[in-house]
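[1] My questions are about this predicted structure, shown below with the sequence.
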Amino acid sequence: MSGALRQFRSFDRPIQLLQINQLGINLGFYMLMPYLAQHLSAAAGLAAWTIGLVLGLRNFSQQGMFLIGGTLADRLGYKPMIMAGCALRTIGFALFGLTTSLPWLLAAAAVTGFAGALFNPAARAYLAVEAGERKVAAFAVFNVFYQAGILLGPLAGIALMSVGFPAVCLSAAAIFAVLTVLQGACLPARRPRAAEHQPVLREWRAAFGNRAFVSFAAAMIASYALSYQMYLALPLQVQRLGGGQAGVMALYALSALLGIAGQVHLTTWCAARWSRGQAISRGLALMGLAFLPPAAVANLPLAPVWAMLPVLACTLLLTVGTLMAFPFEMATIADMAGDRLIGTYYGIYNLASGVGILAGNLVAGALLDAARTTRLAALPWLLLAVAGLASAAAVRRLDRRDRLTPVGRVATAT
């Protein structure tokens with residue numbers, strides 16, 4: 001953690017503010033969202049399908065609008081979109097706490113999701129532009145603050161639940177309101193280093209026509225399907241083994257603590273030894289290998305305490321693989337965008353990752369259901385491992401063909 005703090009102090013004020021901003025965003029989000037479904041069921045009395053509609057609308061309005069958010073950031077500037085996203089999330093989270101009416105809950109879900117589509121590409125684009133040749137180091141520290149928010153958010157939510165769910169929502173809304181004011185007062189305005197903009201559709205065609213970028217985004221889709229198993233396959237496995245909610249929270253805590261304590265050191269270690277493409281591909285390979293321990297014991301009659309060890313091993317390896325790849329991945333996207341359309345490129349990339357998460361959840365969920373009724377208990381884990389290794393091979397191939405570094409640009413590690 002001391003290394004992360006030293007790196008944090010080495011950056012200029014705008015980058016520091018963006019990193020603190022990400023801590024606040026995740027703190028507010030994760031203090032509310034893990035408990036929303038329970039509130040909608042118990043307090044609002046909604047049926048399960050209606051709860052699914054609310055949660056699904058929130059996710060769709062974010063994932064489906066990333067391209068719009070990224071384009072607006074390139075057109076209007078990064079700061080206005082970050083502020084607008086935080087302001088909208090203030091409204092959305094306050095609505096969740098003040099109403100149990102389904103139409104208003106759906107409005108809150110849509111506003112909350114669209115808010116993420118506004119500030120997510122804009123914040124990453126701003127960070128990439130401001131960090132310059134230190135993109136990898138900046139995104140490493142960014143991920144430390146990101147993980148800290150994930151760790152602290154649910155704990156703050158649990159503490160506030162003793163007061164009531166409206167207190168959780170209004171507290172989360174207050175965090176986003178403070179972030180809006182803080183950025184308005186302290187964050188310098190930044191625009192992409194770009195000439196006069198072309199029509200939006202032409203810019204989108206240019207981005208989608210960048211074959212190296214599209215190939216990279218396609219190769220990375222599997223990584224998001226794998227990382228999201230922290231919220232699907234692994235919690236279901238913990239519940240099946242009798243670990244309960246405490247066991248699931250332990251997995252999340254382990255993952256977040258690894259990110260906080262190890263991200264900067266691991267990124268420095270990788271940058272000293274490998275190119276960006278090598279770091280990404282080896283991180284992806286490790287993410288794939290993470291699913292082999294659960295596969296190896298899937299058909300063995302182990303006691304629950306021993307059966308939990310492969311799940312912990314999977315969490316450990318999956319997290320480390322993600323930490324290896326993430327800073328280099330984010331820097332590579334920005335470099336592929338060049339000096340123009342960085343927000344658009346991040347928007348397209350986030351849209352592709354959302355497709356990966358959706359497809360991965362559907363396939364993994366179906367395989368997990370099938371595994372319960374057959375003797376193919378290892379199959380879901382093995383296919384996840386294969387997906388990770390295939391993704392790693394695809395990125396490695398792009399790297400060997402020099403497709404990850406734009407012509408005329410030398411990608412530096414730090």
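    All right, it came through fine. None of these values were measured; they are calculated from a predicted model. Numbers count the residues shown, from 1 in each chain.
[2] In contact with the spatially most central residue of the chain: list those residues for me.
    When the chain is reduced to its mean C-alpha position, the closest residue under Cα atoms, centre = their mean turns out to be residue 224, at 8.3 Å. By Cβ atoms under 8 Å, 6 or more residues apart in numbering, the contact list for residue 224 reads 353, 354, 356, 357, 360. Backbone N, C-alpha and C define where each C-beta goes, glycine included.
[3] quick check, nearest of these to residue 65?
    residue 354 (10.1 Å; Cβ to Cβ).
[4] quick one: the closest one and residue 67 touch, right?
    No. Counting by Cβ atoms under 8 Å, residue 354 sits too far from residue 67 to count as a contact (10.5 Å).
[5] Between these two, tell me which one has more neighbours.
    residue 67 (25 against 19; other Cβ atoms under 10 Å).
[6] OK, contacts around the more buried one?
    Counted by Cβ under 8 Å, 6+ apart, residue 67 has contacts 204, 344, 347, 348, 351.
[7] which non-adjacent residue is nearest it?
    Distance criterion Cβ to Cβ, 6 or more residues apart in numbering; nearest residue to residue 67, sequence neighbours excluded, is residue 347 at 4.3 Å.
[8] Give me the neighbour count for the one you found.
    Applying other Cβ under 10 Å, I find that residue 347 has 29 neighbouring residues.
[9] same question, residue 174
    For residue 174, using other Cβ under 10 Å, the count is 14.
[10] re earlier: okay, and the residue nearest to the centre of the chain sits in which element?
    helix 211-227 (DSSP states H and E).
[11] May I have that helix as PDB, with CA atoms only?
    Taking C-alpha atoms only, helix 211-227 is exported to PDB below (Å, rounded to 0.1, in the frame of the first residue of the first chain):
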ATOM      1  CA  ARG A 211      -9.100  -3.300 -37.300                       C
ATOM      2  CA  ALA A 212      -6.300  -3.600 -34.700                       C
ATOM      3  CA  PHE A 213      -8.500  -2.000 -32.000                       C
ATOM      4  CA  VAL A 214     -11.600  -4.100 -32.900                       C
ATOM      5  CA  SER A 215      -9.400  -7.300 -32.900                       C
ATOM      6  CA  PHE A 216      -8.100  -6.400 -29.500                       C
ATOM      7  CA  ALA A 217     -11.500  -5.600 -28.100                       C
ATOM      8  CA  ALA A 218     -12.800  -9.000 -29.500                       C
ATOM      9  CA  ALA A 219      -9.900 -10.800 -28.000                       C
ATOM     10  CA  MET A 220     -10.500  -9.300 -24.600                       C
ATOM     11  CA  ILE A 221     -14.200 -10.000 -24.400                       C
ATOM     12  CA  ALA A 222     -13.600 -13.400 -22.700                       C
ATOM     13  CA  SER A 223     -11.600 -11.700 -19.900                       C
ATOM     14  CA  TYR A 224     -14.700  -9.900 -18.800                       C
ATOM     15  CA  ALA A 225     -16.800 -13.000 -18.900                       C
ATOM     16  CA  LEU A 226     -14.200 -14.600 -16.700                       C
ATOM     17  CA  SER A 227     -13.800 -11.800 -14.200                       C
END
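[12] Show the average pLDDT along it.
    Averaged across helix 211-227, the pLDDT comes to 93.
[13] ok, and for it, which residues are buried?
    212-217, 219-227 (16 or more other Cβ atoms under 10 Å).
[14] cool, stretch 344-361 as well?
    344-354, 356-358, 360-361.
[15] Between the contacts of residue 67, which sits nearest residue 118?
    For these, the residue nearest residue 118 by Cβ to Cβ is residue 347; the value is 10.1 Å.
[16] give the contact list for that closest one.
    Taking Cβ under 8 Å, 6+ apart, one finds 66, 67, 68, 69, 70, 71, 73, 117, 121 in contact with residue 347.
[17] how does this structure divide up, domain by domain?
    Using automatic domain parsing, the domains assigned to the chain come out as 1-191, 199-405.
[18] Distance from the last one to the middle of the chain?
    Think domain 199-405. Centre-to-centre, domain 199-405 and its host chain are 10 Å apart (Cα atoms, centre = their mean, to the nearest Å).
[19] How much space separates residue 184 from residue 87?
    9 Å (Cβ to Cβ, to the nearest Å).
[20] Same check on residue 143?
    Residue 143 is 25 Å from residue 87, by Cβ to Cβ.
[21] who has more neighbours, the two?
    Taking neighbours as other Cβ under 10 Å, residue 143 and residue 87 compare with residue 143 leading, 23 against 20.
[22] Skipping adjacent residues, who's closest to that one in space?
    Nearest to residue 143 is residue 263, by Cβ to Cβ, 6+ apart, at 5.1 Å.
[23] What are the buried residues along the helix or strand hosting the one you found?
    Using DSSP H and E, the element containing residue 263 is helix 244-273. Residues 247-252, 255-256, 258-264, 266-268, 270-271 are the ones in helix 244-273 that count as buried (16+ other Cβ under 10 Å).
[24] can you check stretch 227-235 too?
    So for stretch 227-235, counting by 16+ other Cβ under 10 Å, buried means 227, 228, 229, 230, 232, 233, 234, 235.
[25] from what I can see the fifth one touches residue 361, true?
    Yes. Assessed by Cβ under 8 Å, residue 232 is found in contact with residue 361 at 5.7 Å.
[26] distance of residue 229 from residue 388?
    10 Å.
[27] That should have said residue 59, apologies.
    23 Å.
[28] Repeat that for residue 264.
    24 Å.
[29] repeat for residue 107
    Between residue 107 and residue 388 the computed distance is 38 Å (Cβ to Cβ).
[30] Which pLDDT does the model give the residue lying farthest from the centre of the chain?
    Distance from the centre of the chain peaks at residue 301, with 35.1 Å (Cα atoms, centre = their mean). pLDDT, residue 301: 80.
[31] so who does it touch?
    Per Cβ under 8 Å, 6+ apart, neighbours of residue 301: none.
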